[in-house]
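Peer 1: Just need the structure, nothing else, for what follows:
(one chain, ligands or ions: 2)
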Amino acid sequence: MAQLVRNLFILFLVLSGLGLVGMTYHLENRLPEKSYNSLLQDISSNKIASISITGNLVKIVPTEKERYQVYVPDAQSLLERVSNNTIKITVSPDYSLYYFQGGVVVLVLLFSLLLVIYISGRKTGGDDMKFARERLILPGTSSDTIRFDDVAGIPEAREELEEVVTFLKYPERFRSVGATIPRGMLLQGPPGTGKTLLARAIAGEAGVPFYRFSGSDFVEMFVGVGASRVRDLFQEAKRNAPCIVFIDEIDAVGTIRSAGASDGNDERGQTLNALLVEMDGFATTDSILVLGATNRPDILDPALRRPGRFDRQITILPPDVRGRIEILKTHAKKVTLAEDVDLKNIAQITSGFTGAELASLVNEAALLAARKGLPQINRVQFDQARDRILLGVERKGMVLTEQDKKILAFHEAGHAIVAKMLPESDPIHKITIIPRGRALGQTQQMPLGDRYAYGKRYLMNKISMLLGGRAAEKMVFHECTTQAANDLVQATEIATNMICQWGMGESLGPQAYAVEDGGFLEGGGHRLAVSNETASQLDQEVKQLLTACYNQAEAILEREKYFLKVLSQILLQVETLDAEEFDIIYRCSLSKKAQKYGPKQEESECAVCPAKGNCLHC
Ligand SMILES: Nc1ncnc2c1ncn2[C@@H]1O[C@H](COP(=O)(O)OP(=O)(O)OP(=O)(O)O)[C@@H](O)[C@H]1O
Ligand SMILES: [Zn+2]
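Peer 2: Ligands and ions are numbered 1, 2, ... in the order given. Now for the predicted structure:
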């Protein structure tokens, strides 16, 4: 676009120059002007050798006097007058008028064209070079230069990228041995895992310019704009090489070109093509590294991954417990922690948190502390911040009726007891009947470590635990409430995956009936096509599994009726119990039960019971 405007401007200058030359020429050819009457006199006295008529202008060459010119009112009548004379006549068409009219037309066209280009240029962001330059971060100019030390907990990705830094810093080292470094790298992983951070760290470490884009920057209303932006971007990048071009959300331009439907005519397709062409085009010696980030690698066009393009892929997953400790440490540097805060412990209860979530956990806790006017952040604030991130803000204004609260207490106690009694499940971290976010109550478990493979036993126990709430309601109140809705969704999802994806069914054999979608975003899998018969068999299996788990939960609660009663009583009074308190109540109820029904126990733990001796049994 910019090129076109420049060319048109040059054309305009040339035309004006020509016009100027023409005008001077015209002026220089002027002869002394005389009146029409003196011409008529000369004609009648036969003193004229020749005349040339151009429109209304007549140039006269007299026989003896100087040449002169005359503007005549009517050239035709003059012609008739001199036609039977000996005067030589030349009539030439009046070009000057044509020149003039033509000139006006050209000028008008040119100006309207310039106007159109100017307006449409403004609409599409104006100068595309500016578009690229605006997204340029020069080394050392941004006050918060990111270094590798700011990126914690993802050592593998870091190692791989450190090599790239060496390349950007000392390109000759690689060139001298003829090594080629990948031109493009794809950082793929769920949102908030630090992809942008890593890309910036590479630029920070290497001390090279960094262009930052989002895929959506290239997708504009006007077809062709994206493609031209890509071209200009690479032109600009080459000028600043070595440098890094980072394209976040590359899926916005790089989605699979659906077969048949699109032949590259749409804006996205054109932009993608331009990107591919540019990446093929620059030499490996150009020292431009293109980094793309996406959390939907499954929908990326395979053409992007061909050699010479994004041929290296680095997957970044949410950190494991050690990674979480490291990330928490980097973010905790900026705040003041109280003595009772143990980052290891916080890392343990934040399984599945991404780097971004951990960063916001620390910040959220700091805000809570500041709101209370505390000089440091305590453990309590971290707990609150975690609940806030996981469950939403505490709904203080919500008042439950006594009956609702009672049902809720039994429901949560049901979850907790089933989990406690099943040997292979995660320990209880917290039980609460304070409504938060969309949930009324919560029973949180704490996985002891990150696990990537789960056995059938563990999964069944998990389902039993999820159904424990409903089983308790049914047992005590003989009816179910809506509180179990979310539990049912989760339980059904696990059971369905067990049967359809993980081959854990009884009768269907080791076969996959569903596949997981490739994305990192939530969404589970989708079922593969099967016969109607198999489909109903699958449904049958899922149902059987859920029923078996439900029965297991019910059996446990039936056996632990006493514990259930004690626990829900205490929950009603104190509303929230942590892991330690829960354990004390468990042992307390054991000893009470033993006192009541069996041989006497040594000592009751009622003295430390959170109900402070107020519950029915202490
Ligand atoms: N490994 C990490 N170490 C330290 N901080 C991290 C890490 N990962 C993420 N963060 C924090 O989370 C913030 C957001 O991370 P970033 O923008 O890099 O995520 P992303 O993967 O690019 O996410 P998205 O896919 O949403 O663009 C960072 O600014 C940083 O504060
Ligand atoms: Zn529940």
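Peer 1: how about the residues of the stretch 351-500 of the chain that lie near ligand 2?
Peer 2: Within the stretch 351-500 of the chain, the positions near ligand 2 by Cβ under 5 Å from the ion are G469, D487. Glycine gets a C-beta too; all of them are placed from N, C-alpha and C.
Peer 1: Where does pLDDT dip in the stretch 351-500 of the chain?
Peer 2: Along the stretch 351-500 of the chain, the parts satisfying pLDDT under 70 run over 392-400, 436-439, 448-452.
Peer 1: For ligand 1, what's its nearest residue on the stretch 301-450 of the chain.
Peer 2: Ligand 1 sits closest to G355 of the stretch 301-450 of the chain, with a gap of 2.1 Å, by Cβ to the nearest ligand atom.
Peer 1: number of nearby residues for the nearest residue to that residue once chain neighbours are set aside?
Peer 2: Spatially, and ignoring its direct neighbours in sequence, G355 is nearest to G194 (4.5 Å; Cβ to Cβ, 6 or more residues apart in numbering). Residues near G194, counting by other Cβ atoms under 10 Å, number 27.
Peer 1: One more: C480?
Peer 2: Close neighbours of C480, defined as other Cβ under 10 Å, add up to 16.
Peer 1: For stretch 51-69, give the distance from the opening residue to the closing one.
Peer 2: Distance across stretch 51-69, first residue to last, is 9 Å (Cα to Cα, to the nearest Å).
Peer 1: buried residues in that stretch?
Peer 2: By neighbour count on 16 or more other Cβ atoms under 10 Å, the buried set for stretch 51-69 is I51, I53, T54, L57, V58, K59, I60, V61, Y68, Q69.
Peer 1: Do you have the helices of the stretch 1-150 of the chain handy? List them.
Peer 2: 2-28, 36-44, 75-82, 95-123, 128-134 (DSSP state H, counting those that start in this stretch).
Peer 1: Likewise for the stretch 201-350 of the chain?
Peer 2: Counting by DSSP H, counting those that start in this stretch, the helices of the stretch 201-350 of the chain are 225-239, 251-254, 267-281, 321-332, 343-348.
Peer 1: Packing partners of the shortest one?
Peer 2: Applying 3 or more Cβ pairs under 8 Å, 6 or more residues apart in numbering; DSSP states H and E, one finds that helix 251-254 contacts helix 267-281, strand 288-294.
Peer 1: By mean pLDDT, show me the worst of these.
Peer 2: Among those, helix 267-281 has the lowest mean pLDDT, at a mean of 81.
Peer 1: So which elements touch it?
Peer 2: Secondary structure elements in contact with helix 267-281, counted by 3+ Cβ pairs under 8 Å, 6+ apart, are helix 225-239, helix 251-254.
Peer 1: Let me have the ones you listed in TSV, extended by mean neighbour count, mean pLDDT and distance to F477.
Peer 2: Formatted as TSV, the helices and strands packed on helix 267-281 follow (neighbours: other Cβ atoms under 10 Å; pLDDT from 0 to 100; distance: least, Cβ to Cβ, whole Å):
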stretch	mean neighbour count	mean pLDDT	distance to F477
helix 225-239	21	83	61
helix 251-254	25	81	49
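Peer 1: Which positions in the chain make contact with ligand 2?
Peer 2: Counting by Cβ under 5 Å from the ion, the positions of the chain adjacent to ligand 2 are G469, D487.
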